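Chemist: Model the following, please.
(one chain, ligands or ions: 1)
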Amino acid sequence: MKKNPRHIEINNIENPDFLKDLSNKELEFLAEDIREYLIDITSQNGGHLSSNLGVVEATIALCKVFDFKKDKIVFDVGHQCYTYKILTGRNLRDLRKMGGTSGFQKIRESEYDHFEAGHSSTSISVINGFAISRDLRGEHYETVAFIGDSSLCNGLALEGINNIGNDKHKSIIIINDNDMSISTPVGGFSKMFRKISTSDFYRKSKHLYKRLLSNSKLGRFIYTKTYDFKNLIKRFLMKLSLFDYFDFSVIGPVDGHNIKQLTNAFLRAKHNDKTTIVFIKTIKGKGFSFAENDKVGKWHGVGGFNKETGVINNSDKESWSSLFAKLLEKEMENENVITITPGTGFGSSLLDISLKYPSRYIDVGISEEHAFTLAGGLSINGFHPVISIYSTFLQRAYDELSHDIARMNLDATILIDRSGLVGSDGETHQGIYDEAFLISIPNVVISMPSNRTEANFLLKESFNHHGVFAIRYPRENTDCLLEYDENLSFGKWIKTNHGTNIALVTFGPVVNILKNQLPTKVSLYNALFLKPLDLDAVNELLNYNKVVIYDPYGTKNGFASYLSAELLNRHFTGDVVIKAIPDQFIEQASTEQQREKYGLDIKSILNLFK
Ligand SMILES: Cc1ncc(C[n+]2csc(CCOP(=O)(O)OP(=O)(O)O)c2C)c(N)n1
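Modeler: Numbers count the residues shown, from 1 in each chain. Sure, this is the predicted structure:
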């Protein structure tokens, strides 16, 4: 039984002010309670468990040292801010649910949230903007970025470091080094972090210094009062890191689970005049053995699990990600094929490929831009790159795809995972914008299969095709996958239902449900090629009184607009009805709720034909 002199009821926390009155021991008890609570909540609602378990003490110490009503903190990605939410009075019972607390920082949720994210590596640029605004207006507050070791390796974060290291606007950057991305980190920077935190020479020297000085009263006094000197020696003894070449103060590495050490380090950073980097060393998944021991990324983001057994709730149906990974694994037998992932290999089920073909599997980490330009370099040398990427993160690589691949009409396959609505991750992660922005790039084929046969056909076709070939698939299980012996050919749609005066044009897995339920008056066109349009099929559409374009996987600015423009161009005189995702940022909810809300569920579509 724990002896906690002052028990804090987590659900009653309104703001972090109470932390100032708690002793370190009491804060440690609080950290333990928060951990239990986090495990409990995520076991039910899902969420970013491991990252959150790792930063409990650091968040408590931050909230004790700073006043984040006034001071501004930005959690990079924002996926690790659950403890911050608890301490700033938010209930996590409805975490990630429709209308509930977001899994990321959200300005409208709390006066303690000053910015929003979901994509990584933005925090440094944001606080640079805050610090410049503050100084131009003569205001007084601290600006703090909390960023993970892997997010820091991204180009955007490094651009931020470059600028912040060259100006006089003070900020604090806390680098949370847990030696993990979603799974084990990659690249040269991760090696640098390892050196920073494990320098053996430094550790031995530190112990010697402590031993020498602890022999006398004066020595002990000097030891506790010479923090800056120790820090200087520390930086000297450890190999210089990139940050030592900038005009930053660097503190750490600090044990990220020791509240006293963290509090001291944050206080020093606060009272420093210069931009200060604080390195903290944490254990991802701390306190939950399944997550602590996870190296592949299984516990990074979970959908719900049994806390006792560590069994994660998984459907027994195959996901689209896993289907494409299996199909791709076969294609990897061709030695010209190279798979590239920007840090999302686990989510896209690429583990087997990484083990079987290590020299032709390239995980570039959170570096979407690099992934595409690297693919351009490989492609022009005769390799066929396959870039596996989530739709939402493809947004980062628009220019590289356009400028470094499509413009030269280089060959590449893009597997766009999590296309369409993604559910509880909310606005930042929706995969609904890629149709519109890909359509605007010349030389890019865009496709979306409805079943296993089409998936296989499209992937094979992408290797035969000259140019960029993108294949979209949703974050769903393949429960509506059926094997059809279709006569598939490049650029051709499939007419499955032969109606009379109404045509329904759609694509993706919804085709399988609709084809069996539509009234006989409705023709169904499966537009598995979104671009180029099948112009023979478009000409056929001119003969109908009404064309309904149903796209639950993209905004109306995507395929629906593209096809409507072509119908107009061909002087279509009937009605065009567009049922696609509105031109909005779509909030968190289950995908079913999201579809219902916008009238995009199957029932609403069938009602159109009553
Ligand atoms: C631009 C972008 N690419 C990929 C992701 C997916 N993603 C979310 S968290 C994460 C790993 C972050 O690792 P790190 O910064 O070390 O933080 P940790 O979770 O280990 O605390 C990744 C790859 C993302 N959110 N944004």
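Chemist: Can you report how many residues neighbour the residue nearest to residue 474 when sequence neighbours are not counted?
Modeler: Nearest non-adjacent residue to residue 474, counting by Cβ to Cβ, 6 or more residues apart in numbering: residue 420, 4.3 Å away. Just so you know, the C-beta spots here come from the backbone N, C-alpha and C atoms, and that holds for glycine as well. Residue 420 has 29 neighbours, counted by other Cβ atoms under 10 Å.
Chemist: Check what pLDDT residue 420 gets.
Modeler: For residue 420, the model assigns a pLDDT of 98.
Chemist: how close does it get to the ligand?
Modeler: Taking Cβ to the nearest ligand atom, to the nearest Å as the measure, residue 420 falls 18 Å from the ligand.
Chemist: residues contacting that residue?
Modeler: 391, 431-432, 472, 474-476, 508, 552-554, 591 (Cβ atoms under 8 Å, 6 or more residues apart in numbering).
Chemist: Dihedrals phi and psi, it?
Modeler: The phi/psi pair for residue 420 (degrees, to the nearest 10) reads phi 100, psi -160.
Chemist: any idea how far residue 532 is from it?
Modeler: Distance of residue 420 to residue 532, given as Cβ to Cβ, to the nearest Å: 21 Å.
Chemist: now residue 440
Modeler: In terms of Cβ to Cβ, residue 440 sits 14 Å off from residue 532.
Chemist: same thing with residue 27?
Modeler: Going from residue 27 to residue 532 by Cβ to Cβ gives 61 Å.
Chemist: Count the neighbours of whatever residue of the stretch 201-350 of the chain ends up closest to the ligand for me.
Modeler: Nearest residue of the stretch 201-350 of the chain to the ligand (Cβ to the nearest ligand atom) works out as residue 343 at 3.8 Å. When neighbours are counted by other Cβ under 10 Å, residue 343 registers 28.
Chemist: what pLDDT does it get?
Modeler: Per-residue pLDDT puts residue 343 at 95.
Chemist: Wasn't it part of a strand?
Modeler: No - counting by DSSP: H, G, I helix; E, B strand; the rest coil, residue 343 is not part of a strand but coil.
Chemist: before we move on, back to that, for the contacts of residue 420, which one is nearest the ligand?
Modeler: The closest of the contacts of residue 420 to the ligand turns out to be residue 391 (Cβ to the nearest ligand atom; 11.7 Å).
Chemist: Report the secondary structure state of the nearest residue to residue 186 once chain neighbours are set aside.
Modeler: Closest residue to residue 186 in three dimensions, ignoring its sequence neighbours and counting by Cβ to Cβ, 6+ apart: residue 365, at 4.6 Å. Under three-state DSSP, residue 365 falls in the coil class.
Chemist: Now do residue 365, the pLDDT please.
Modeler: In this model, residue 365 is scored at 95, pLDDT.
Chemist: What distance do you get for the residue nearest to residue 474 to residue 448?
Modeler: Distance of residue 420 to residue 448, computed by Cβ to Cβ: 9 Å.
Chemist: overlap in contacts of these two?
Modeler: By Cβ under 8 Å, 6+ apart, residue 420 and residue 448 have these common neighbours: 472, 508, 553.
Chemist: of those residues, buried ones?
Modeler: Using 16 or more other Cβ atoms under 10 Å as the burial test, those include 472, 508, 553 as buried.
Chemist: Bridged to the residue nearest to residue 474, which residues?
Modeler: Under DSSP bridges, the beta-bridge partners of residue 420 are residue 431.
Chemist: Any stretches of the stretch 201-350 of the chain with poor pLDDT?
Modeler: The model of the stretch 201-350 of the chain has pLDDT under 70 over residues 201-215, 218-241.
Chemist: Apart from its chain neighbours, what residue comes closest to the residue of the stretch 1-150 of the chain found nearest the ligand?
Modeler: Residue nearest to the ligand within the stretch 1-150 of the chain (Cβ to the nearest ligand atom): residue 148, separated by 2.3 Å. Residue nearest to residue 148 in three dimensions, not counting chain neighbours: residue 176, with 5.1 Å by Cβ to Cβ, 6+ apart.
Chemist: What of residue 376?
Modeler: residue 404 (3.9 Å).
Chemist: Looks like residue 324 contacts residue 472 (just checking).
Modeler: No - Residue 324 lies out of contact with residue 472 (Cβ atoms under 8 Å); the separation is 10.5 Å.
Chemist: Count the residues that sit near the closest residue to the ligand within the stretch 151-300 of the chain.
Modeler: Taking Cβ to the nearest ligand atom, the ligand has its nearest neighbour within the stretch 151-300 of the chain at residue 151, 3.3 Å off. When neighbours are defined as other Cβ under 10 Å, residue 151 has 27 of them.
Chemist: In contact with it, which residues are there?
Modeler: Counting by Cβ under 8 Å, 6+ apart, residue 151 has contacts 76-77, 120-121, 123, 157, 366.
Chemist: element containing it?
Modeler: Using DSSP states H and E, residue 151 falls within helix 149-152.
Chemist: can you pull the alpha-carbon coordinates of that helix into PDB?
Modeler: Written as PDB, here are the backbone C-alpha positions of helix 149-152 (Å, rounded to 0.1, in the frame of the first residue of the first chain):
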ATOM      1  CA  ASP A 149      15.000  13.000 -30.600                       C
ATOM      2  CA  SER A 150      13.500  11.700 -33.800                       C
ATOM      3  CA  SER A 151      11.400  14.800 -34.500                       C
ATOM      4  CA  LEU A 152      14.500  16.900 -34.100                       C
END
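Chemist: 6 is where my numbering starts, stick with that
Modeler: Got it, first residue is 6 now, which makes that one helix 154-157.
Chemist: Report the mean per-residue pLDDT for the helix or strand just after it.
Modeler: Per DSSP H and E, the first helix or strand lying C-terminal to helix 154-157 is helix 160-169. On average, the pLDDT along helix 160-169 is 95.
Chemist: and helix 160-169, what does it pack onto?
Modeler: When contacts are defined as 3 or more Cβ pairs under 8 Å, 6 or more residues apart in numbering; DSSP states H and E, helix 160-169 packs onto helix 128-141, helix 154-157.
Chemist: Could you tell me which residues within that helix count as buried?
Modeler: 161-162, 165-166, 169.
Chemist: same deal with stretch 330-347?
Modeler: 330, 332-334, 336-337, 342-347.
Chemist: Mind putting the residues you listed into a markdown table with secondary structure?
Modeler: Conversion of the buried residues of stretch 330-347 to a markdown table gives the following (three-state DSSP):
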| residue | secondary structure |
| --- | --- |
| 330 | helix |
| 332 | helix |
| 333 | helix |
| 334 | helix |
| 336 | helix |
| 337 | coil |
| 342 | strand |
| 343 | strand |
| 344 | strand |
| 345 | strand |
| 346 | strand |
| 347 | coil |
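Chemist: nearest to residue 194, of the residues you listed?
Modeler: Checking these against residue 194 with Cβ to Cβ, the nearest one is residue 347 at 14.5 Å.
Chemist: wait, doesn't the closest one sit right on residue 379?
Modeler: No - taking contacts as Cβ under 8 Å, residue 347 lies outside contact range of residue 379: 9.9 Å.
Chemist: shared neighbours, those two?
Modeler: Contact criterion Cβ under 8 Å, 6+ apart; residues shared by residue 347 and residue 379: residue 369.
Chemist: Show me which residues of stretch 313-322 are buried.
Modeler: 315, 317.
Chemist: what about the protein, any weak spots by pLDDT?
Modeler: Across the chain, residues meeting the criterion (pLDDT under 70) sit at 6-10, 190, 195, 198-220, 223-246, 485-491.
Chemist: For the residue nearest the centre of it, which non-adjacent residue is closest in space?
Modeler: Ranked by distance to the mean C-alpha position of the chain (Cα atoms, centre = their mean), the top residue is residue 124 at 5.2 Å. With sequence-adjacent residues excluded and distances taken as Cβ to Cβ, 6+ apart, residue 124 is closest to residue 433, at 6.1 Å.
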